[in-house]
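Visitor: sequence first, then the predicted structure:
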There are 2 protein chains.
Amino acid sequence: MNHLLLKATLLLGSAALAVADPLPSWKETGTKKAIVSFVEKVTTPGSPDYVDPAGRIATFDNDGCLWSEQPMYFQAFYIFDRIKALAPEHPEWKEKEPFASVLKGDVKAALAGGEKALLEMAMATHAGLTDEEFRKVVRDWLDTARHPKTGMAYDKMIFQPMLELLAYLRAEGFKTFIVSGGGIDFLRVFAEEAYGIPPEQVVGSSIKAGYEIRDGKPVVMKLPELDFIDDKAGKPVGIHQHIGRRPIFAAGNSDGDFQMLEWTTAGKGARFGLLVHHTDAEREWAYGRESHVGKLDKGLDEGPKRGWTLVSMKDDWQTIYPAD
Amino acid sequence: MNHLLLKATLLLGSAALAVADPLPSWKETGTKKAIVSFVEKVTTPGSPDYVDPAGRIATFDNDGCLWSEQPMYFQAFYIFDRIKALAPEHPEWKEKEPFASVLKGDVKAALAGGEKALLEMAMATHAGLTDEEFRKVVRDWLDTARHPKTGMAYDKMIFQPMLELLAYLRAEGFKTFIVSGGGIDFLRVFAEEAYGIPPEQVVGSSIKAGYEIRDGKPVVMKLPELDFIDDKAGKPVGIHQHIGRRPIFAAGNSDGDFQMLEWTTAGKGARFGLLVHHTDAEREWAYGRESHVGKLDKGLDEGPKRGWTLVSMKDDWQTIYPAD
């Protein structure tokens, strides 16, 4: 019974914290007030907007919403580093695009082939491993790779205010999910430690997998075949297939999250749509309408009309990354 | 804070129950002892087999494991009833197999076309609706349809001993999942009420879905295209894609569950594989090696060699279905 007592104590402990200030890294702006007001009205028994704990589903985009995404998606850094690491086993890559450009360090040329080239590189670096091998490769990479501008480990470039928001929602009975265009298995390697989100609550893009017996031992192999792209209109579909019910809270930062917020906030009862706008060139990055990564254009125009809350990193956040 | 206090109280309450007898509908046999002994060793801090709560993943097949499956899968009854209900809108079905046989009440002829015919009927009765419309149709069917032999509602033909096992595992910090060959959205309609398993913890076979704006409102449409078959080698794959980690406990009842149990029990540390053998012709059904539904042949031979626990319904269970 001990772990249950412990669990009970932890639950009570986090509730006590929540009463203090659940969002200390959020400035005292209208944004913070809107979040707290929403959470209070859906969790207060007797409130006309009360939602049963089972229905308290909150979904979060990852790139640009829970961690940074500049100068390119962090998973792309993994792909490029992995191509370099695998190059000795693939002498043919020296002559073959887009791999040849990666090996020459020419990122722009490597990405010139668009989605097709990126997909080819993703397959070459995500498939052909068992699930366990893949986890180890990504974990090792996260432990050693550093961001070119900040020098930080990628999984430390996570947003402190969003960590508090996740914890606050969970303390108030929400189940928190990631719904990302990034690779589902890539995300699962660090989501639990970084965000407190377990593997089974991660939804993302995926490649197919197969089950086989290898050297007498059963393994799940990651296969070089696209399964699902969890972006744009794919996000409500991914939510449907994985979660099976409509969220009441959704957070994103780009037009790739538009349909997720649209789907979430079109439901009956109280709903919350949140868009993180990257407005802080000093502490993070400032981009939006014209950005090649994390473009936020339609959301800036349409979001406020639909009652979505825009977060300005610069004006709403005390801090960006967690203190060491 | 009220609901957290309540949660804490419930946690402590279920722990107290667990101390009494977590499995009152299980006879005092070696099977029950094996289950309790496994749960105690993985949940007792300091035990060499201790598993952190995050790793306490338990997966359950549905048909024949959590509810009955004779004389045919209950979802097939839904399909046939639905074809009859939709027939006025499809005059062409009168001349078109396998629909014509269903409308004549000739189940055997309807199923003669094998998997292809069944898939065609599944598409016609599961696709073309929004997720919400589908939920309502299935809910209405469950509320009105009755099993031809027992006269019971299908979602009351669930196994009381398995309900206790699910509750016991959850009280001991496990997260319980369904991993079924049945349709994921079909299962989600009743899994929470019947088994206490929320939609996001249901893995099953699926058809594709699409997101669109219909009459100005966003909807998720179920599409007539196969997405994934969650059976046999598909079960470890479904577990990989949905849950993202290997269970430590898996329960099934047929050779369709073989790979799920194999995958689960091949992991490091303490593992539990459970196979329900339908041995009770009086209170339920008796079948196994030769059955067209829920065939259990390889599992009967190989299971015991691999240390899996065989449950004999007749000898291990006090009761079958819950009392009204």
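Guide: Structure received.
Visitor: using the three-state scheme, assign A:P224.
Guide: Here A:P224 takes the strand state, with states given by DSSP: H, G, I helix; E, B strand; the rest coil.
Visitor: who's in contact with it?
Guide: For A:P224, the contacting residues are A:123-124, A:127-128, A:207, by C-beta atoms under 8 Å, 6 or more residues apart in numbering or on different chains. All C-beta atoms are positioned from the backbone trio N, CA, C, and that covers glycine.
Visitor: looking at it now. What's its pLDDT?
Guide: Per-residue confidence (pLDDT) for A:P224: 95.
Visitor: any idea how far it is from A:A100?
Guide: In this structure, A:P224 and A:A100 are 19 Å apart, going by C-beta to C-beta, to the nearest Å.
Visitor: again, but for A:K156
Guide: A:K156 sits at a distance of 32 Å from A:A100 (criterion: C-beta to C-beta).
Visitor: where does the stretch 1-150 of chain A have low pLDDT?
Guide: Applying pLDDT under 70 to the stretch 1-150 of chain A picks out residues A:1-19.
Visitor: and the helices in it?
Guide: A:2-20, A:30-43, A:74-86, A:99-104, A:107-111, A:114-126, A:131-144 (DSSP state H, counting those that start in this stretch).
Visitor: ok, now the stretch 201-324 of chain A?
Guide: In order along the chain, the stretch 201-324 of chain A carries the following helices (DSSP H, counting those that start in this stretch): A:234-242, A:258-265, A:298-305, A:313-316.
Visitor: how about the residue nearest to the spatial centre of chain A, phi and psi?
Guide: Residue closest to the mean C-alpha point of chain A, counted by C-alpha atoms, centre = their mean, is A:N62 at 1.6 Å. Backbone dihedrals for A:N62, given as degrees, to the nearest 10, come out at phi -100, psi -60.
Visitor: which one is it nearest to, not counting chain neighbours?
Guide: With C-beta to C-beta, 6 or more residues apart in numbering or on different chains as the measure, A:S180 is the residue that lies nearest to A:N62, at 3.9 Å, once sequence neighbours are left out.
Visitor: over to A:Y168?
Guide: Of all residues apart from its sequence neighbours, A:P22 sits closest to A:Y168 (C-beta to C-beta, 6+ apart), at 3.8 Å.
Visitor: which residues does the one you found contact?
Guide: Counting by C-beta under 8 Å, 6+ apart, A:P22 touches A:36, A:164, A:167-168, A:171.
Visitor: and A:R289, by the same measure?
Guide: Residues in contact with A:R289 (C-beta under 8 Å, 6+ apart) are A:295-297, A:300.
Visitor: so how far is B:L275 from it?
Guide: Counting by C-beta to C-beta, the gap between A:R289 and B:L275 amounts to 58 Å.
Visitor: what's the neighbour count on A:K208?
Guide: When neighbours are defined as other C-beta atoms under 10 Å in any protein chain shown, A:K208 has 16 of them.
Visitor: state the number of residues packed around the closest residue in space to A:E40 that isn't next to it in sequence.
Guide: Distances taken as C-beta to C-beta, 6+ apart put A:S47 closest to A:E40, at 7.8 Å, once the chain neighbours are dropped. Burial of A:S47 is recorded as 12 neighbouring residues (other C-beta under 10 Å).
Visitor: for A:R82, same thing?
Guide: Counted with other C-beta under 10 Å, the neighbours of A:R82 add up to 19.
Visitor: gap between it and A:E193?
Guide: To A:E193, A:R82 is 21 Å away according to C-beta to C-beta.
Visitor: equivalent analysis for A:V102, please.
Guide: For A:V102, the distance to A:E193 (C-beta to C-beta) stands at 29 Å.
Visitor: more neighbours: the two, which one.
Guide: A side-by-side neighbour count of A:V102 and A:E193, using other C-beta under 10 Å, places A:V102 first with 23 against 11.
Visitor: hang on, A:V102 packs against A:K84?
Guide: Yes. With contacts defined as C-beta atoms under 8 Å, A:V102 counts as touching A:K84 at a distance of 7.0 Å.
Visitor: hmm, back to that, which among the helices of the stretch 1-150 of chain A is found nearest to B:V51?
Guide: B:V51 lies closest, by C-beta to C-beta, to one member of those: helix A:2-20, at 11.0 Å.
Visitor: right, is stretch A:128-137 up against chain B?
Guide: Yes. Legend: contact between stretch A:128-137 and chain B by C-beta under 8 Å from any C-beta of the partner chain is shown at A:D131.
Visitor: now the two most distant members of the contacts of A:P22.
Guide: The most widely separated members of those, counting by C-beta to C-beta, are A:V36 and A:A167 (13.7 Å).
Visitor: buried set for stretch A:311-319?
Guide: With burial defined by 16 or more other C-beta atoms under 10 Å in any protein chain shown, the residues of stretch A:311-319 counted as buried are A:311, A:313-314, A:316-317.
Visitor: setting aside sequence neighbours, what's the nearest residue to the residue of the stretch 201-324 of chain A at minimum distance from chain B?
Guide: Scanning the stretch 201-324 of chain A for the residue nearest chain B gives A:G244, at 3.1 Å (criterion: C-beta to the nearest C-beta). Once flanking residues are discounted, A:G244 sits nearest to B:P199: 3.1 Å by C-beta to C-beta, 6+ apart.
Visitor: residues in contact with the one you found?
Guide: Contact partners of B:P199, counting by C-beta under 8 Å, 6+ apart, are A:243-245, B:188, B:191-192.
Visitor: ok, now how distant is the residue of chain A positioned farthest from its centre from B:V202?
Guide: Farthest-out residue of chain A from its mean C-alpha position, per C-alpha atoms, centre = their mean: A:G216, at 36.3 Å. The span separating A:G216 from B:V202 equals 32 Å under the rule C-beta to C-beta.
Visitor: what's the answer for A:I207, then?
Guide: A:I207 sits 23 Å away from B:V202, taking C-beta to C-beta as the criterion.
Visitor: my guess is A:I184 contacts A:I207. True?
Guide: No. Contact between A:I184 and A:I207 fails when scored by C-beta under 8 Å: they sit 9.1 Å apart.
Visitor: between those two, which one's more packed in?
Guide: A direct count of neighbours by other C-beta under 10 Å for A:I184 and A:I207 places A:I184 higher, at 25 against 20.
Visitor: show me what contacts the more buried one?
Guide: Per C-beta under 8 Å, 6+ apart, neighbours of A:I184: A:202-206, A:230, B:241, B:244.
Visitor: between these, which sits nearest B:N253?
Guide: Comparing the contacts of A:I184 against B:N253 with C-beta to C-beta picks out B:Q241 as the nearest, at 22.9 Å.
Visitor: next, count neighbours for the closest one.
Guide: 23.
Visitor: also A:G244?
Guide: Taking other C-beta under 10 Å as the criterion, the count of residues near A:G244 is 22.
Visitor: which pLDDT value goes with it?
Guide: Here the pLDDT value assigned to A:G244 is 98.
Visitor: excluding its backbone neighbours, what's nearest A:H242?
Guide: What sits nearest to A:H242 in space, not counting adjacent residues and going by C-beta to C-beta, 6+ apart, is A:V203, at 4.5 Å.
Visitor: can you check A:V51 too?
Guide: The shortest distance from A:V51 to any non-neighbouring residue, by C-beta to C-beta, 6+ apart, is to A:V42 (4.4 Å).
Visitor: nothing else from me, thank you.
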